[in-house]
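In: with the sequence up front, the predicted model follows.
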Amino acid sequence: MGDRWQVEVDRSVCIGSAQCVHQAPDAFRQDSAMQSHPVDPETDANEGILGAAEGCPVEAIMITVLGTGEPVFPPED
């Protein structure tokens, strides 16, 4: 993949299912409110993080290409 990503979790949407933590345990953590957040919001592109975003039941995870803001997930319609 080669890109660097900006990873964000919309805390107003996150329901605390922890699917992202199970999919990419090195990339996501849950806080005391049981909401997810990225361990490192600026990270190398990888399939685990993309899989976590795709598996989020409420699509609370947004991934963009760092520097350009080009959406990775969710994809533009």
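Out: Great, that's in hand.

In: and the helices in this protein?
Out: According to DSSP state H, the chain carries its helices in the segments 19-23, 47-55.

In: in the last one, what's buried?
Out: When you say that, I think you mean helix 47-55. 49-54 (16 or more other CB atoms under 10 Å). Where you see a C-beta, it was placed from the backbone N, CA and C, and this is true even at glycine.

In: which one of the residues you listed is nearest to residue 73?
Out: residue 53 (4.3 Å; CB to CB).

In: list the residues that contact that closest one.
Out: Contacts for residue 53 were tallied using CB atoms under 8 Å, 6 or more residues apart in numbering; they are 7, 20, 59, 61-63, 72-74.

In: rewinding a little: in CSV: the buried residues of helix 47-55, plus pLDDT.
Out: Shown next, in CSV, are those (pLDDT from 0 to 100):
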residue, pLDDT
49, 97
50, 97
51, 97
52, 97
53, 98
54, 97
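
In: if we can go back for a sec, apply the buried test to the contacts of residue 53 and list what passes.
Out: For the contacts of residue 53, buried by 16+ other CB under 10 Å: 7, 20, 61-63, 72-73.

In: so which two of the residues you listed are the farthest from each other?
Out: 20 and 72, at 14.7 Å, using CB to CB across these.
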